[in-house]
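> Quick one, structure for this:
(one chain, ligands or ions: 2)
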Amino acid sequence: MDETTTPPPLDELLGGMQVVALPLHTRFRGQDTRELALFEGPAGWTEFSPFIEYGDHEAAAWLRAAIDFGWAPAPASAPVPASAPASVPTRTSIPVNATLPAVAPERVEEVLAHYDGCRTVKVKVAERRQTLDDDVARVQRVRELVGAEGRIRLDANGAWNLDEAEHAVHRLAEFDLEYLEQPCASVDELAELRRRIRYLGIPVAADESVRKADDPLAVARAGAADLLVVKAQPLGGVRRAAALVAEAGLPAVVSSALESSVGIAMGAHLAAALPELPYDCGLATVDLFTGDVAAPGRSLVPRGGSIPVERPEVDPAQLERWKAAPERERWWRDRVERVHALLR
Ligand SMILES: O=C(O)CCC(=O)C1=CC=C[C@@H](O)[C@@H]1C(=O)O
Ligand SMILES: [Mg+2]
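Ligands and ions are numbered 1, 2, ... in the order given. You can find the predicted model right below:
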């Protein structure tokens, strides 16, 4: 636990907990609905949303992050660790990318229309039960739509082996790629792929090798990535993630964990605190939902390609509208109780 944020008692956490199930307009990560828990702490609303299949040990970092964002004292009075950059935001808005699930080319235009003014598109590739031809058709359609000035990055979620990744890059390089996110699963494979495709000049980004690793700095130390994708919740919160970026010494892209506007605000505060932000951030994913917990018109969705660095006001009517079923709420209460016990 960050020494500045002692976990509140369990009763205090559970007392104000709200569990919602937000529908997605397009299937993402094999899911049509995103379940998440919200708490209202003294510093404001905060989110705890490890994916359903994650175990308690992995979920502990997500709870630390939620507590840090909802219970940390105001930045001005907080004694932050020397290794962490100031948590006072240095930016007031964050440029963001559109996130395109692995849809058929016919649907690309409709999905991208949700993202107002985004010049960068992250395209999901290497989806199960799809082929490289499907990826090529999707990326080709994106390039047609964004024009020569648009930026295209790909995310394979570690699904390719080394040779598949090398082959895929050869097929997809003609579409002028900004970077390749987690093309292979292991740090060794990333390092070797990076060596093999260096002549193409396409950077390799690490995502799962940071957020799901026992040692999130190992990929940077191994020289296996050109940049890191960092997510506030899995890395234990804004301050811990910012300290990790500083220690890694690599450029970073802040990305969402498919959160409501409350969790996205946590990501926006992380992006605002980083000294350098050379890439658009993956924080536009509220646009993948058909509902949110913020009041209508107040969601953290891009306007003109950016989101503001602010805590959205949570709307009781939206909490009621998207309230999870009672058995799912019980499931989340049990989870919070178990994970809270791990923090002590
Ligand atoms: O980075 C983005 O553009 C959006 C966020 C995003 O892609 C993800 C959010 C949540 C879970 C992940 O499978 C996925 C990712 O792999 O980056
Ligand atoms: Mg990723």
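
> got a list of what residue 219 touches?
Contacts here follow Cβ atoms under 8 Å, 6 or more residues apart in numbering; on that basis residue 219 touches 187, 190, 206, 209-210, 213, 225, 228. For every residue, glycine as well, the C-beta is placed using N, CA and C.

> got the CA coordinates for the helix or strand where residue 242 lies in PDB?
Residue 242 is located in helix 238-248, with elements delineated by DSSP states H and E. What follows is helix 238-248, C-alpha atoms only, in PDB (Å, rounded to 0.1, in the frame of the first residue of the first chain):
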ATOM      1  CA  VAL A 238      -1.900   7.000 -10.100                       C
ATOM      2  CA  ARG A 239       1.200   7.600  -7.900                       C
ATOM      3  CA  ARG A 240       2.500   4.000  -8.200                       C
ATOM      4  CA  ALA A 241       2.000   4.000 -12.000                       C
ATOM      5  CA  ALA A 242       3.700   7.400 -12.400                       C
ATOM      6  CA  ALA A 243       6.700   6.200 -10.200                       C
ATOM      7  CA  LEU A 244       6.900   3.100 -12.400                       C
ATOM      8  CA  VAL A 245       7.100   5.200 -15.600                       C
ATOM      9  CA  ALA A 246       9.800   7.300 -14.100                       C
ATOM     10  CA  GLU A 247      11.800   4.300 -13.100                       C
ATOM     11  CA  ALA A 248      11.400   2.500 -16.400                       C
END
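
> For the stretch 1-150 of the chain, which residues are neighbours of ligand 1?
29, 97, 99, 122 (Cβ under 6 Å from any ligand atom).

> one step back: pick the one among the contacts of residue 219 closest to residue 259.
Minimum separation from residue 259 among the contacts of residue 219 (Cβ to Cβ) is found for residue 210, which lies at 17.4 Å.

> How confident was the prediction at the closest residue to the closest one other than its chain neighbours?
Distances taken as Cβ to Cβ, 6 or more residues apart in numbering place residue 216 nearest to residue 210, at 4.6 Å, with adjacent residues excluded. On the pLDDT scale, residue 216 is placed at 97.

> And for residue 168?
At residue 168, the predicted lDDT confidence score is 98.

> coming back round to it: the residue nearest to residue 210 belongs to a strand?
No. Counting by DSSP: H, G, I helix; E, B strand; the rest coil, one finds residue 216 to be coil, located in no strand.

> and it, how far is that from residue 230?
Using Cβ to Cβ, to the nearest Å, residue 216 is found at 9 Å from residue 230.

> Need the single longest helix in the chain, by residues.
Of all the elements of type helix in the chain, the one with the most residues (DSSP state H) is helix 326-343.

> List the buried residues for it?
Taking 16 or more other Cβ atoms under 10 Å as the basis for neighbour counts, the residues of helix 326-343 that come out buried are 328-329, 332-333, 335-336, 339-340.

> which residues in the stretch 1-150 of the chain form strands?
Remark: strands of the stretch 1-150 of the chain, listed N- to C-terminal, are 18-28, 31-41, 44-48, 93-95, 98-100, 120-124; assignment by DSSP state E, counting those that start in this stretch.

> about what we covered before: what spatial separation is found between the residue nearest to residue 210 and ligand 2?
Distance from residue 216 to ligand 2, counting by Cβ to the ion, to the nearest Å: 14 Å.

> Residues contacting stretch 166-183, please?
Applying Cβ under 8 Å, 6+ apart, the set of residues contacting stretch 166-183 is 120, 122, 125-126, 132, 135-136, 139-140, 142-143, 148, 151-158, 160, 165, 190, 193, 196-197, 200, 202-209, 226-227, 229, 279.
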